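A.B. asks: okay, predicted coordinates and the sequence, questions at the end:
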Amino acid sequence: MAEDWNLPAGDLMKGKRGIVMGVANQNSIAWGISRQLAAQGAEIAFTYQGETLERRVRPLVESIGMETMIPADVTDDASMDAAFEQVKDKWGKIDFLVHSIAFAGKDELQGSMVENTTREGFRRAMDISVFSFIDASRRAAALMPDGGSIMCMTYLGAERTVPSYNVMGVAKAALEAATRYAARDLGPQGIRVNAISAGAMRTLSLAGIKGGKSLMGTGRDWSLLKEDTSMEGVAGCALYLLSPLGRSIAGEVIHVDAGYHAVGVPDMSED
Ligand code: NAD
């Protein structure tokens, strides 16, 4: 069951339109962010990976009074062309883009990174999790003549080693670098590009990582706040980055992980 919270409602995103990429079900981080953006008045076009997901995503989209759903497989240029063309036809321009997409094969997300990373697995992880962000940013920026805000989702595995995270950690490091370079390129057009580094959360993606559940337990027990990363916190940070509240912030990676990233040595029992 997805975490629920009292969504702060208001007008921070009133009159703003944008694209959210990466809702797969009610537990998706992209969905938590979408609910918060909608509660602050945003209008959202959702892209989804394929037909099987449409059935799951449509009721969610309709539950917040939205209707625009566009198929987009980020590995397929024609599909991305058609998706952004559809948004252009509908709105002409947009104000924000949320990229919340990643993938690596199960075989890669276990054991030894050195042993288990194949050329094809590496290529696929980087294509879906990193190139897609660069590609979507370029396409979104073309629809942002008045400036805008773009964000993606990353994880501590980009900065430190995490068991089983392996090639995805390598991809997230590249994604964080891509965030800074995109921020550099698009900043002069008034487009802010940032990332949220979330602590481990119970989603489909986490289930693909061997031992993923224990990442959540450790993330909670070792964190400064001694609690799980909340969807409320991640969605609130996304609202901050995508709304005028985030003005002057660009090229940033914000940790929303109950302070886990700041721990060098966890609490130890007294000897
Ligand atoms: P999720 O499985 O709900 O979302 C992943 C999304 O990626 C899905 O909607 C899936 O359809 C999409 N996707 C995969 N391949 C695609 C393709 N070829 N074309 C289009 N879409 C594709 O899981 P999530 O945890 O919400 O993941 C969202 C983002 O958050 C990812 O970047 C993930 O790495 C990141 N993240 C997750 C956690 C966590 O613990 N769950 C922590 C930090 C960062």
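C.D. replies: Arrived safely, thanks for sending. Since we're looking at a predicted model, the values are computed, not measured. Numbers count the residues shown, from 1 in each chain.
A.B. asks: give me the distance between the longest helix along the chain and the centre of its chain.
C.D. replies: Taking DSSP state H as the criterion, the chain has its longest helix at helix 166-186. The chain centre lies 12 Å from the centre of helix 166-186; the measure is CA atoms, centre = their mean, to the nearest Å.
A.B. asks: that helix close to the ligand?
C.D. replies: No - Helix 166-186 does not reach the ligand (CB under 6 Å from any ligand atom); its nearest approach is 6.8 Å. Any C-beta I mention is one placed from the backbone N, CA and C, and that applies to glycine too.
A.B. asks: next SSE downstream of that helix?
C.D. replies: Helices and strands here follow DSSP states H and E; after helix 166-186, the next one along the chain is strand 191-198.
A.B. asks: roughly how far does residue 158 sit from the ligand?
C.D. replies: Spatial separation of residue 158 from the ligand under the definition CB to the nearest ligand atom, to the nearest Å is 9 Å.
A.B. asks: returning to what we had before: list the helices and strands the longest helix of the chain packs on?
C.D. replies: Taking 3 or more CB pairs under 8 Å, 6 or more residues apart in numbering; DSSP states H and E as the contact definition, the neighbouring helices and strands of helix 166-186 are helix 113-116, helix 119-126, helix 132-141, strand 148-154, strand 191-198.
A.B. asks: how about those in CSV, adding mean neighbour count, mean pLDDT and distance to residue 102?
C.D. replies: What follows is the helices and strands packed on helix 166-186, written out as CSV (neighbours: other CB atoms under 10 Å; pLDDT from 0 to 100; distance: least, CB to CB, whole Å):
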stretch, mean neighbour count, mean pLDDT, distance to residue 102
helix 113-116, 12, 98, 16
helix 119-126, 15, 98, 8
helix 132-141, 21, 99, 9
strand 148-154, 26, 98, 7
strand 191-198, 25, 99, 12
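A.B. asks: need the pLDDT of residue 271.
C.D. replies: Listed pLDDT for residue 271 reads 63.
A.B. asks: ugh, typo on my part, it should be residue 99
C.D. replies: With respect to pLDDT, residue 99 has a value of 99.
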